[in-house]
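**Q** with the sequence up front, the predicted model follows.
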Amino acid sequence: VTLDLVLVGFGNVARRFVRLVEEKRQGLARDFDLRLRIVGIITRRHGTAHSSRGLDAPGLTERLESGRLVGKTDNRPSVRVLRDHLARHAASARTRRLVVVETTTLDVGRGQPAVDHVRASLSAGAHVVTANKGPVAIAYRDLMRLADAARRRFLFEGTVMDGIPIFNLARETLPVVSVTGFRGVINSTTNFILTAMEGGETFSDALSAMQKAGIAEADPSLDVDGWDAAAKACALANVLLDARLTPSTIHRRGIRDVTSEQVAAARRMGRRIKLVASAARRDGKVTAAVEPVELPSDDLLAGLERQQNAIIFHTDVLGELAIVQLGAGLTQTAYALLSDLVTIARDIRPAPRRARPGRSLGWRGQR
Ligand SMILES: NC(=O)c1ccc[n+]([C@@H]2O[C@H](COP(=O)([O-])OP(=O)(O)OC[C@H]3O[C@@H](n4cnc5c(N)ncnc54)[C@H](OP(=O)(O)O)[C@@H]3O)[C@@H](O)[C@H]2O)c1
């Protein structure tokens with residue numbers, strides 16, 4: 001199977017994704033008979049590029065990182081540029097081999113222009129994989145309906161806990177289990193800042209370190225004011241608890257007002273302050289919240305250091321189920337996009353027999 005990919009957004013995540021595709025090229029071909037061809041790149045200010053035969057994406061990654069454009073700039077709204085790209089690949093769309101990889105900047109208010117990018121892609125017969133929380137946090141139900149009607153995939157594993165398979169876990173491995181709520185630390189930047197403050201570092205030094213690593217959002221308020229965690233909490237609640245929440249309507253308080261003194265005082269009492277995102281269904285209604293909480297030391301979430309994340313799911317059959325992420329970063333997010341592409345390839349063609357156990361398992365021939 002060869003999938004043609006149009007990348008909308010070519011920032012930290014997309015460029016790491018391009019490199020990961022190169023690193024895993026042989027393994028993808030050997031184990032999944034999968035080849036990935038990047039035919040389009042669309043950015044906001046750094047130009048656009050297209051080639052039906054496939055772009056030299058690693059070369060364009062270096063080009064952009066040395067301060068040059070990937071191609072000609074196009075001042076039209078990005079959704080129109082995207083529609084033009086998609087129209088050139090109608091043949092691969094018809095055979096379900098066209099995928100849009102959406103990694104534009106998070107807009108927590110309206111999810112735009114990402115929501116329009118997803119709609120335009122599905123309408124043109126492309127699958128969509130995204131690391132952008134906006135569409136799932138704000139328009140999940142509509143977009144899923146559109147994807148189902150178009151018989152295409154809308155996948156978003158990278159939106160919560162990077163490469164850790166949260167949504168795949170629920171979708172593929174927990175049949176008949178109902179998730180009734182969750183509690184978690186799901187924003188790496190704020191956990192890094194809080195643990196750095198415990199070690200005596202300043203808030204702003206810790207935030208700069210996260211910005212330099214490409215982990216913090218382009219607008220740091222999205223992290224420190226709890227917006228990113230709120231978007232993830234809504235994505236989880238909408239998908240796993242069948243909720244209809246949006247980030248601006250849930251209770252949200254970030255860590256901007258948390259002082260070094262409060263962090264140190266909690267520490268002296270053997271407690272730790274964490275930014276906790278939670279949701280629960282009560283009397284048929286789902287509510288969610290994001291706020292700093294002082295946790296006792298024996299709480300699993302209190303043990304999380306620096307960029308570590310964890311979610312504890314409450315379920316009807318399995319009781320509490322915890323997923324802990326010890327390593328978070330761009331590679332993990334890029335991996336999530338790659339794993340979503342493998343899911344799409346498996347829809348088109350099951351993994352060949354020679355794939356080693358553990359790599360080919362899980363195929364159920366969905367859709
Ligand atoms: N960084 C992480 O660790 C991480 C982890 C999980 C999820 N995410 C999510 O992944 C997405 C990308 O993150 P990132 O760190 O790669 O961001 P980034 O480095 O800021 O890159 C964003 C990219 O999107 C492009 N873009 C923005 N608005 C656009 C528009 N209207 N049309 C076309 N292109 C547009 C930008 O183009 P210009 O540069 O030309 O403006 C840039 O190429 C975000 O939604 C983020 O929340 C990030």
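**A** Received, thanks.
**Q** going forward, measure contacts between C-alpha atoms and count neighbours the same way
**A** Fine.
**Q** and the strand or helix carrying L143, which residues are buried?
**A** Under DSSP states H and E, the secondary-structure element containing L143 is helix 133-150. Along helix 133-150, these residues count as buried under the neighbour rule (16 or more other C-alpha atoms under 10 Å): 133-141, 143-144, 146-147.
**Q** list just the nearest of those to G327.
**A** Out of those, the one with the shortest distance to G327 is K133. That distance is 19.9 Å, counting by C-alpha to C-alpha.
**Q** pLDDT on the helix holding L143, on average?
**A** When pLDDT is averaged over helix 133-150, the result is 97.
**Q** now for the helix or strand just after that helix, which elements pack on it?
**A** Downstream of helix 133-150, the first helix or strand assigned by DSSP H and E is strand 154-155. In this structure, strand 154-155 makes packing contacts with strand 127-130, helix 133-150, judged by 3 or more C-alpha pairs under 8 Å, 6 or more residues apart in numbering; DSSP states H and E.
**Q** hmm, strand 154-155 in reach of the ligand?
**A** No: contact of strand 154-155 with the ligand (C-alpha under 6 Å from any ligand atom) is absent, the minimum separation being 13.2 Å.
**Q** and that strand, how far from the chain's centre?
**A** Centroid separation between strand 154-155 and its chain, computed with C-alpha atoms, centre = their mean, to the nearest Å, is 11 Å.
**Q** what's downstream of that strand, the next helix or strand?
**A** Note on strand 154-155: by DSSP H and E, the next helix or strand toward the C-terminus is helix 166-173.
**Q** got the residues of the stretch 51-200 of the chain near the ligand?
**A** If contact is defined as C-alpha under 6 Å from any ligand atom, the residues of the stretch 51-200 of the chain in contact with the ligand are S78, T103, T104, T105, L106, P113, A131, N132, G158, T159, D162.
**Q** hang on, the third one in a helix?
**A** No: with DSSP: H, G, I helix; E, B strand; the rest coil as the criterion, T104 is located in coil rather than a helix.
**Q** that one against G9, yeah?
**A** Yes: under the criterion of C-alpha atoms under 8 Å, T104 is in contact with G9, at a separation of 4.6 Å.
**Q** follow-up on the earlier one: what is the nearest of the buried residues of helix 133-150 to the ligand?
**A** When these are compared for distance to the ligand (C-alpha to the nearest ligand atom), K133 wins out at 6.0 Å.
**Q** wait, what's in contact with that closest one?
**A** With contacts defined as C-alpha atoms under 8 Å, 6 or more residues apart in numbering, K133 is in contact with L106, G111, F156, T159, V160, A231, K232, A235.
**Q** hmm, 6 Å instead?
**A** When the contact criterion is C-alpha atoms under 6 Å, 6 or more residues apart in numbering, the partners of K133 are T159.
**Q** quick one, helices of the protein?
**A** Counting by DSSP state H, one finds helices in the chain at the ranges 12-23, 25-32, 57-65, 78-87, 90-94, 114-123, 133-150, 166-173, 188-198, 203-212, 221-224, 227-240, 260-268, 330-348.
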